[in-house]
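K.L.:
for reference, the sequence and a predicted model appear below.
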Amino acid sequence: MAVLRERACWATRQLLPVVRTWELDARRWVRALRRSPVKVVFPSGIFAKPDHVKMTYPESQLLHTLPILLICDNLRDPGNLGTILRSAAGAGCSKVLLTKGCVDAWEPKVLRAGMGAHFQVPIINNVDWEAVPNYLPNDTRVYVADNCGLYTQAQAQMSNKASDYGWVCDRRPLKFHKYEEEEENLESAASKGWLPELEVQSYDSDWTEAPAAVVIGGETSGVSLESLQLAESTGGGRLLIPIVPGVDSLNSAMAASILLFEGRRQLRVRAEHLSRDGSYH
């Protein structure tokens with residue numbers, strides 16, 4: 001009986017302050033909270049990670065899917081990854097690959113920043129670089145978002161848009177990584193010319209003639225050696241985004257958004273030209 005009496009006593013207690021009012025009165029809320037402070041409770045995770053193979057996506061999204069794929073290379077910031085996924089869904093990416101080393105796409109902060117993007121575009125987690133080609137459509141060319149570049153400004157394909165601007169970090173060596181402890185060796189390899197030689201081109205040059213995959217690297221480590229090798233083997237290259245002198249670089253999420261929507265623009269313009277040419281015949 002004592003146990004039942006104790007439970008009944010707890011059941012009648014008010015756990016949180018309740019303010020009954022017909023209109024919002026900030027002073028009453030403050031007084032109530034002072035009398036009984038509210039604690040924020042974070043419940044244990046009860047959400048099972050979906051299997052991308054079993055997931056279905058909105059038909060409207062599938063109708064606007066483009067032959068552009070995004071590869072996230074060692075992205076560790078949850079906010080950045082969530083924003084990138086949101087941009088990928090908005091641009092109409094066919095899928096997003098996250099290589100090993102990336103933050104978990106289903107981590108709470110990534111979900112919050114993604115704003116529902118996880119249910120708009122297929123996301124494949126924890127992919128080994130050796131397995132990446134298995135997820136690429138035939139004839140896909142891989143392009144690396146390069147924010148430093150091993151080439152000088154004169155060697156890049158300059159566009160009219162970039163004529164009055166500098167190129168991001170065009171005088172510094174590109175920072176690669178396979179594993180963090182090997183960064184020094186890779187930078188040494190870059191200076192000795194042992195790394196894959198890739199054509200450097202402006203982000204607004206035509207790089208969507210064939211199905212394209214864009215690699216976005218983490219801000220601290222940059223793109224990996226594996227991504228460069230894959231780009232070389234598929235006939236891809238490096239994409240540079242011009243910014244004004246004095247600005248060091250762009251945020252990974254910003255760079256991804258620029259490249260993905262530029263790819264979307266190129267495909268739309270090409271489709272319009274084909275439609276216009278077809279109407280003349």
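P.N.:
Received, thanks.
K.L.:
can you tell me how far the closest residue to residue 121 other than its chain neighbours sits from residue 138?
P.N.:
Spatial nearest neighbour of residue 121, chain neighbours left out: residue 89 (4.4 Å); criterion: C-beta to C-beta, 6 or more residues apart in numbering. Where C-beta positions appear, they are placed from N, C-alpha and C, glycine not excepted. Distance, residue 89 to residue 138, using C-beta to C-beta, to the nearest Å: 24 Å.
K.L.:
give me the more crowded residue out of the two.
P.N.:
Each of residue 89 and residue 138 has its neighbours counted (other C-beta atoms under 10 Å); residue 89 has more, 22 against 6.
K.L.:
ok, now which ones touch the more buried one?
P.N.:
Residues in contact with residue 89 (C-beta atoms under 8 Å, 6 or more residues apart in numbering) are 61, 116-117, 120-121.
K.L.:
now do residue 196
P.N.:
With the criterion set at C-beta under 8 Å, 6+ apart, residue 196 makes contact with 228-229, 231-232.
K.L.:
again, only using 7 Å
P.N.:
By C-beta atoms under 7 Å, 6 or more residues apart in numbering, the residues touching residue 196 are 228-229, 232.
K.L.:
just among the residues you listed, which is most surrounded?
P.N.:
residue 228 (24 neighbours).
K.L.:
and that one, how far from residue 215?
P.N.:
Computed with C-beta to C-beta, the distance linking residue 228 and residue 215 is 9 Å.
K.L.:
between these two, which contacts overlap?
P.N.:
residue 144.
K.L.:
still on that earlier bit, now, which of the contacts of residue 89 sits nearest residue 76?
P.N.:
Here the nearest of those to residue 76, counting by C-beta to C-beta, is residue 117; it sits at 18.3 Å.
K.L.:
can you give me the neighbour number for that closest one?
P.N.:
23.
K.L.:
where in the stretch 151-281 of the chain is pLDDT low?
P.N.:
Scanning the stretch 151-281 of the chain for pLDDT under 70 picks out the ranges 151-194, 278-281.
K.L.:
what helix or strand is residue 70 on?
P.N.:
strand 68-73 (DSSP states H and E).
K.L.:
which of the residues in that strand are buried?
P.N.:
Under the neighbour-count criterion of 16 or more other C-beta atoms under 10 Å, strand 68-73 has 68-73 buried.
K.L.:
next, format these as JSON lines and append distance to residue 240.
P.N.:
Converted to JSON lines, the buried residues of strand 68-73 look like this (distance: C-beta to C-beta, whole Å):
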{"residue": "68", "distance to residue 240": "18"}
{"residue": "69", "distance to residue 240": "20"}
{"residue": "70", "distance to residue 240": "18"}
{"residue": "71", "distance to residue 240": "18"}
{"residue": "72", "distance to residue 240": "19"}
{"residue": "73", "distance to residue 240": "17"}
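K.L.:
which residues touch residue 264?
P.N.:
Residue 264 neighbours (C-beta under 7 Å, 6+ apart): 66, 91-92.
K.L.:
that one: what secondary structure?
P.N.:
helix (DSSP: H, G, I helix; E, B strand; the rest coil).
K.L.:
the domain parsing of this protein - what is it?
P.N.:
2-35, 59-274 (automatic domain parsing).
K.L.:
and the last one, end to end?
P.N.:
Using C-alpha to C-alpha, to the nearest Å, the span of domain 59-274 from its first residue to its last is 25 Å.
K.L.:
now do the strands in the protein.
P.N.:
68-73, 95-99, 123-127, 141-145, 166-167, 199-202, 212-217, 237-240, 242-243 (DSSP state E).
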